[in-house]
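> Coordinates only, no sequence provided:
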């Protein structure tokens, strides 16, 4: 128990009852915090006397023990002096850090000593660890003798620091609500979570648990800062974050609007941007897979690199490619906006896949300057998850339908409810439903891949705990574990039908015909038959007409112009696309230099694209793009894509060829375009997505779908 809880217990013993509201006012905390304190006190009493010690009726706590039972509480071992009955030092240090990150004014050691009922010497000792914590995270901790201590940071940085502290406190206390109770005592966080969950359901954009918690913390911080300091930052961020997806911004707008309504606030418009960035950086949402050619290239190149290193061909795994594309899009948001993504599975993943971890880590480290993903264990292991699932699929560990054991405390009682919920969302082989005491019997009797349980469980077989009627979090946890185990997740739920149902319910209430037509069109566009161009082979794009092996350019702008003019001449693109490609480098840096001496020019959208095409300009004199790792550039490819899929096979082959010494030698030495084209036609992927090699012709190993 902490200092406040011990003091409340003594008051209860002496006065026999306490009013929760009065108690909250006395200790300057929220009512929820006092109720949490009562839970801790009740647990302590139960551990000492094995008897219920308190009861709560109408906001009044009553003490139930007699004098003999009170003796068993060992109060004599609890010193009465506040200076001795301290908050545990780890808790106090985190709270001091929060104080410093929260405060806009300097704080003094005496202020902190008074607040936490400890001596100045104790605070000085705490500050040694505070400084070390700040140093590890490059947080500017400043102490000026006689003037006080403070953290010199922007609003955005303070939010990040406090979020990190909240996560640290959750790990420390095994109680995720610790900082919520201490710092958001006047904010009902459950309301925030409900608002976010409603938005998730409405827009079909689902956050992972860590992301959901992070966004809830962020919104609570926004509310707290608005209450404490007014509206906060008012500077215009529209330019800085103009790449935010419109749907994410719309979702964020609704969340902020509901928060304002529920908490009677007027959060500034900048809060919408903050929330949208959280959504963009921490969801698996990506509107159009092909909207960023460099992200596609990065994903393809990573798959090729890992495949070659582990000697397992993952290049035809569309599920892996799509998953990486979704993830890298989120990584790019986080990289640009200095956001943190925590992976709670990272230690287990590193231990289970050490070789794969090293391969992916080295690839990410070597390509960090491209600005897609930060080099840290959280990001590395999220990528590792995608590859681990793909390797399991490739090595025939993939089963179409997993064998499931359902465990409930009542056996057949609530198990039927659980099974009906599971059947609604998944395709499973339910082997049996069992009570907890029957677990070992059923494990020995049936081949079980996964246990789904409504009660706490200790078992060697992988298991996931759910509610009898599955929540969205239960569904997400189950999907993630199945994917990690190497199973194809077969979702029974018809999301289109669900979207239509939700939309019609909304229309029935609001009678907005124009909105109905708009939303119906959006749903139709998501599920209409794909009428995009067929996949283009690399030899379809790189032809005698689109290759120039003798180009003279004095700088990178001219190099992009030269490559672009080839496509413009043959009416693949307009001048608008060439200029957009140049502007993209000016704005984002030389990220288009994808490997040693090679640039892949493109614009971030397809404005000015008339049809899918690719060109190559080989420069007589290489030019500098500003990429220290890969300059100077001798080969400038330009890719223009009319849709999100037709160019992917060609791009995949190009990425693979650029890793081959033989191809690079031909690229350097060819005197005619035909020499390069000949190599491409002999080695490229066929239109069905497979190589024309002997194994294929002889009916070699079949790929999993």
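Thanks, I have it. Model, not experiment: these values are computed from the prediction.

> Is residue 132 located within a helix, as I assumed?
Yes. Assessed with DSSP: H, G, I helix; E, B strand; the rest coil, residue 132 lies in a helix.

> now it: how far from residue 126?
11 Å (C-beta to C-beta, to the nearest Å). All C-beta spots, glycine's among them, are computed from the backbone N, C-alpha and C.

> More neighbours: these two, which one.
Using other C-beta atoms under 10 Å as the criterion, residue 132 and residue 126 rank with residue 126 on top: 22 against 12.

> what's the helix or strand for the more buried one?
Assigned by DSSP states H and E, residue 126 belongs to helix 120-136.

> in terms of contact count, name the helices or strands touching the longest helix along the chain.
In the chain, assigned by DSSP state H, the helix with the most residues is helix 209-229. The contact analysis (3 or more C-beta pairs under 8 Å, 6 or more residues apart in numbering; DSSP states H and E) places helix 209-229 against helix 155-173, helix 189-203, helix 246-263, helix 270-281, helix 472-485.

> switch the cut-off to 10 Å
Counting contacts by 3 or more C-beta pairs under 10 Å, 6 or more residues apart in numbering; DSSP states H and E, helix 209-229 packs against helix 89-102, helix 155-173, helix 178-183, helix 189-203, helix 246-263, helix 270-281, helix 472-485.

> Show me which of the ones you listed has the highest average neighbour count.
Across the helices and strands packed on helix 209-229, the average number of neighbours (mean count of other C-beta atoms under 10 Å) peaks for helix 270-281, which reaches a mean of 25.

> Flag every buried residue along whatever helix or strand comes next after that one.
Remark: after helix 270-281, the chain's next helix or strand is helix 293-310, criterion DSSP H and E. Residues of helix 293-310 classed as buried by neighbour count (16 or more other C-beta atoms under 10 Å): 293-307.

> which of the residues you listed lies closest to residue 19?
residue 295 (58.2 Å; C-beta to C-beta).

> Settle this for me: the closest one is touching residue 328, isn't it.
Yes. Between residue 295 and residue 328 there is a contact at 5.1 Å, judged by C-beta atoms under 10 Å.

> rewinding a little: quick one: common contacting residues for residue 132 and residue 126?
Common contact partners of residue 132 and residue 126 (C-beta atoms under 10 Å, 6 or more residues apart in numbering): residue 93.

> how many other residues sit next to the nearest residue to residue 462 once chain neighbours are set aside?
Counting by C-beta to C-beta, 6 or more residues apart in numbering, the nearest residue to residue 462 once its immediate chain neighbours are dropped is residue 450, at 5.5 Å. Neighbour count for residue 450, taken as other C-beta under 10 Å: 18.

> for residue 431, same thing?
Neighbours around residue 431, by other C-beta under 10 Å: 18.

> Point me to the helix or strand that includes it.
Short version, using DSSP H and E: residue 431 is in strand 429-434.

> Mind listing what's buried along that strand?
Neighbour counts using 16+ other C-beta under 10 Å place 431, 432, 433, 434 of strand 429-434 among the buried residues.

> Could you do stretch 672-684 as well?
The neighbour-count check on stretch 672-684 (16+ other C-beta under 10 Å) flags 673, 676, 677, 679, 680, 683, 684 as buried.

> So which elements touch the helix or strand hosting residue 56?
Assigned by DSSP H and E, residue 56 belongs to strand 54-57. Judged by 3+ C-beta pairs under 10 Å, 6+ apart, strand 54-57 is in contact with strand 17-19, helix 31-49, strand 60-63.

> What lies in contact with that strand?
For strand 54-57, the surrounding residues in contact (C-beta under 10 Å, 6+ apart) are 9, 12, 17-18, 20, 35, 38-39, 41-42, 45-46, 61-65.

> which outside residues touch stretch 305-313?
Residues outside stretch 305-313 that contact it (C-beta under 10 Å, 6+ apart) are 303-304, 314-317, 320, 355-356, 358-360, 362-363, 366-367, 383-384, 386-387, 390-391, 394-395, 655-656, 659, 691, 701, 703.

> Figure out how far the longest strand seen in the chain is from the centre of its chain.
In the chain, assigned by DSSP state E, the strand with the most residues is strand 613-623. Mean-position distance between strand 613-623 and its chain equals 38 Å (C-alpha atoms, centre = their mean, to the nearest Å).

> Repeat that for stretch 650-665.
With C-alpha atoms, centre = their mean as the basis, stretch 650-665 stands 32 Å off its chain's centre.

> Give the rounded mean pLDDT of it.
Mean pLDDT, stretch 650-665: 88.

> Go through that stretch and flag the buried ones.
Within stretch 650-665, judged by 16+ other C-beta under 10 Å, the buried ones are 650, 651, 652, 653, 654, 655, 656, 657, 658, 663, 664.

> Span of it from start to end?
20 Å (C-alpha to C-alpha, to the nearest Å).

> ranges for the helices of the stretch 401-550 of the chain?
412-425, 439-445, 472-485, 495-510, 513-527, 538-541 (DSSP state H, counting those that start in this stretch).

> Least reliable of these by average pLDDT, please.
Lowest mean pLDDT within the helices of the stretch 401-550 of the chain: helix 495-510, a mean of 56.

> where along the stretch 551-700 of the chain do the strands fall?
Under the criterion DSSP state E, counting those that start in this stretch, the stretch 551-700 of the chain contains strands at 593-595, 598-601, 613-623, 633-640.

> about what we covered before: go through the buried residues of stretch 672-684 and flag which are in helices.
Those of those lying in helices (DSSP H): 673, 676, 677, 679, 680, 683.

> Need these in JSON lines (columns: pLDDT and distance to residue 570).
Formatted as JSON lines, these follow (pLDDT from 0 to 100; distance: C-beta to C-beta, whole Å):
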{"residue": "673", "pLDDT": "92", "distance to residue 570": "14"}
{"residue": "676", "pLDDT": "94", "distance to residue 570": "18"}
{"residue": "677", "pLDDT": "93", "distance to residue 570": "16"}
{"residue": "679", "pLDDT": "92", "distance to residue 570": "22"}
{"residue": "680", "pLDDT": "92", "distance to residue 570": "18"}
{"residue": "683", "pLDDT": "86", "distance to residue 570": "25"}
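
> Tabulate those residues in a markdown table, adding columns for distance to residue 69.
As requested, these are arranged in a markdown table below (distance: C-beta to C-beta, whole Å):
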| residue | distance to residue 69 |
| --- | --- |
| 673 | 93 |
| 676 | 89 |
| 677 | 91 |
| 679 | 87 |
| 680 | 85 |
| 683 | 83 |
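
> Give me the domain ranges for this structure.
For the chain, automatic domain parsing gives the domain ranges 3-77, 89-179, 184-281, 289-394, 403-485, 495-527, 538-691.

> mean pLDDT for those: which is lowest?
domain 495-527 (a mean of 59).

> Help me confirm that residue 191 comes into contact with residue 262.
Yes. Counting by C-beta under 10 Å, residue 191 touches residue 262, with 5.3 Å between them.

> can you list residues touching both of the two?
Taking C-beta under 10 Å, 6+ apart as the criterion, residue 191 and residue 262 both touch residue 223.

> List the residues that contact residue 464.
Counting by C-beta under 10 Å, 6+ apart, residue 464 makes contact with 450, 451, 452, 453, 457, 474, 477, 478, 479, 480, 481, 482.
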